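> sequence plus predicted model, see below.
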Amino acid sequence: MIEDYIKKKFFEYYRLFSWRIKEPKEITKREFGFLLFKEKIMVRHKNFLNINTLREFIKTIVPSDVYYSSAYYLKPEEEMKGKEWIGADLIFDIDADHIDTLCKKEHDKWICKNCSYTSKGMPPEKCLKCGESKIQTETWICQKCLEKAKEETLKLIDFLMKDFGFKKENIKIYFTGHRGYHIHIDSNEILQLTSDERKEIVDYVMGIGIDLNNVLNNIDEQPSGWAKRVASIIKSNSLKSLTKRRILHEIRSIIKDKAVKVDSVVTMDIHRLIRLPETLNGKTGLRAVKVDLTNLEEFNPLNEAIALEKGEEKIYIKEAPKFLLGGEEFGPYKNEEVTLPMAAALLLICKGKAKLVN
Ligand SMILES: [Zn+2]
Ligand SMILES: [Zn+2]
């Protein structure tokens, strides 16, 4: 079984590098979840007293993915209704899945599970042929999409610091090991926010429900928030010759451009299980790695998130687009047998694009 092979490789990583997994703040109040390779079962409601017991558990069961709760509970090991929620970190999820990049036409495709209609690029909400919403996607990890996700992350951080006043030390950024970034805020001010209050924050950064008239009235004198962002592009004297309707249209299009593309569902969910940093992503075999805010602009996940640097593997590749990993370019491949560095081979195997030769 191919899962046995991936699991063996994940074990090699955890045996050598489980020390990289840091103890989450207040570990005893967190719920942990583990997706198992076998039958893709999710083991939930686990709790650990310290980081060592967590590391040992991971080395023993070798899961495909490891998650922990953004929430703090009095009884994290209980079923949901008995957990006694105390509070939760504020989480943002930025993923290429939610960003419409042009290159997706080259490397992503979707298939309707109802009528089997298939097409390239970003999946629609409903099948273009039969209108059903059961759509399966086949996505790829691409340099351009990752760059775009990083740009969105930088935009979000600008909002978090300038508009909300969060401090650098409360903002943690992680590459997810696949197509995006998670941004965690741990700060006493946000701990007890309700789901609706979190939605207001996420709507604000996404530019949803912004009062355009209010923005317009505030772009001249010491503007702040959205008015300041709009004022950096237009000044009211440049708008004099335009109709009110036209002006509001201009403002709306600036907001659209400056808004951050976030998966709002993740931020609103105050019981969310999120990927544990420095564990492996079962979709790629790459690490979920912490990124220093000061290095974010230069950060290249396709170099930094490689888990297994040594060895190589002979694989049979059905089909894979061209890709970059560890500074090397690979592919495109179609129905061929090749020997690749371990990280590249593992990526293709995890993505279901390749199988072992022996
Ligand atoms: Zn269909
Ligand atoms: Zn792309």
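Nice, thanks for sending it over. Numbers count the residues shown, from 1 in each chain. Ligands and ions are numbered 1, 2, ... in the order given.

> ligand 2 contacts on the chain?
Taking Cβ under 5 Å from the ion as the criterion, the neighbours of ligand 2 within the chain are Thr101, Cys103, Cys142, Lys144, Cys145. C-betas here are computed from N, CA, C, even on glycine.

> now do the contacts for the second one.
Read that as Cys103. In this structure, Cys103 makes contact with Cys142, Lys144, Cys145, judged by Cβ atoms under 8 Å, 6 or more residues apart in numbering.

> likewise Thr153?
Ile94, Ile173, Tyr181, Ile183, Leu296.

> with adjacent residues omitted, what lies nearest to Asp100?
Beyond its immediate neighbours in the sequence, the residue positioned closest to Asp100 (Cβ to Cβ, 6 or more residues apart in numbering) is Met122, lying 5.2 Å away.

> quick check: the one you found touching His107?
No. The pair Met122 / His107 is not scored as a contact, 11.1 Å apart, by Cβ atoms under 8 Å.

> looking at these two, which is more packed in?
Using other Cβ atoms under 10 Å as the criterion, Met122 and His107 rank with His107 on top: 21 against 18.

> ok, the residue lying closest to the more buried one once chain neighbours are set aside - contacts?
Taking Cβ to Cβ, 6+ apart, and ignoring the residues beside it in sequence, His107 has Trp140 as its nearest neighbour in space, at 3.9 Å. With contacts taken as Cβ under 8 Å, 6+ apart, Trp140 has the following neighbours: His107, Asp108, Pro321, Phe323, Lys351.

> which of the residues you listed fall in helices?
Within those, residues falling in helices by DSSP state H are His107.

> ok, of the contacts of Trp140, which come out buried?
His107, Asp108, Pro321, Phe323, Lys351 (16 or more other Cβ atoms under 10 Å).

> which ones among the residues you listed come in contact with ligand 1?
The subset of the buried ones among the contacts of Trp140 lying close to ligand 1, counting by Cβ under 5 Å from the ion, is empty.

> before we move on, back to that, and the residue nearest to Asp100, how far is that from Glu77?
Distance of Met122 to Glu77, computed by Cβ to Cβ, to the nearest Å: 40 Å.

> equivalent analysis for Ile61, please.
Plainly put, Ile61 is 16 Å away from Glu77 if you go by Cβ to Cβ.

> residue numbers of this protein in contact with ligand 1?
In this structure, the chain approaches ligand 1 at residues Cys112, Asn114, Cys115, Tyr117, Cys127, Lys129, Cys130, judged by Cβ under 5 Å from the ion.

> at 8 Å instead, please
If contacts are counted using Cβ under 8 Å from the ion, the residues of the chain sitting beside ligand 1 are 112-117, 127-132, 134-135.

> buried ones among these?
Buried among these (16+ other Cβ under 10 Å): Cys112, Cys127, Ile135.

> picking up where we left off before, which two in the contacts of Trp140 are spaced the farthest apart?
In these, two members sit farther apart than any others by Cβ to Cβ. They are Asp108 and Phe323, at 12.9 Å.

> if we can go back for a sec, and which of the buried ones among the contacts of Trp140 is nearest to Lys83?
Proximity of these to Lys83 (Cβ to Cβ) peaks at Lys351, which lies at 34.8 Å.
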